[in-house]
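**Student:** the following comprises the amino acid sequence and a computationally predicted model.
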Amino acid sequence: MRKIRDLLVNHIKSDFNLALYCSLSFFLAIALTLNYLINLENGIIDSYVGKPIRIVWYFLLYSFAYYSGLLITLIFQQKVHLLEIKKMWLLSLTGLMILAWSTGFPYHNQLMNYLFSGSRFYSVVSTCLHYFQNALNPDYALEN
């Protein structure tokens, strides 16, 4: 246990950057305040429930938050050159697309009915898909 504590303490000592953490906290405070002031997610994005455009809105929301935090971090660590790596863009865009799709996809029930209608496994597959979707959705953890 002491070895883990020592590793953690050494990591914090070598990585700690108060200006970076304050800047990220400031950005998060502004982003959260704007989100709640204009009711962005629950009022605007969720007004498109059942429409595919909701996936695009979630992608834009998640991308703004992720890439803003990434840019702030890279600037403070003087590693902006990492933005030139194509693999980083490919992986991050893929991850953000998967997250946006899992949160905003409006056709889960229709897809299940089409693929498994009349099957005795419908309820099992439907329940599994529902739980899988919720596991990928960060809002689900806050609601339950």
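**Tutor:** Received, thanks.
**Student:** residue ranges of each domain in the protein, please.
**Tutor:** Using automatic domain parsing, the domain ranges for the chain come out as 2-106, 107-144.
**Student:** make JSON lines from these and add mean neighbour count and mean pLDDT to it.
**Tutor:** In short, each C-beta sits where N, CA and C put it, glycine included. As requested, those are exported to JSON lines (neighbours: other CB atoms under 10 Å; pLDDT from 0 to 100):
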{"stretch": "domain 2-106", "mean neighbour count": "13", "mean pLDDT": "90"}
{"stretch": "domain 107-144", "mean neighbour count": "12", "mean pLDDT": "64"}
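**Student:** roughly how far does residue 57 sit from residue 33?
**Tutor:** Between residue 57 and residue 33 the distance is 19 Å, computed by CB to CB, to the nearest Å.
**Student:** with residue 41 instead?
**Tutor:** As for residue 41, its distance to residue 33 is 13 Å (criterion: CB to CB).
**Student:** equivalent analysis for residue 67, please.
**Tutor:** As judged by CB to CB, residue 67 and residue 33 stand 19 Å apart.
**Student:** the longest helix along the chain - contacts with which helices or strands?
**Tutor:** For the chain, the helix with the greatest residue count under DSSP state H is helix 53-76. The contact analysis (3 or more CB pairs under 8 Å, 6 or more residues apart in numbering; DSSP states H and E) places helix 53-76 against helix 18-37, helix 86-104.
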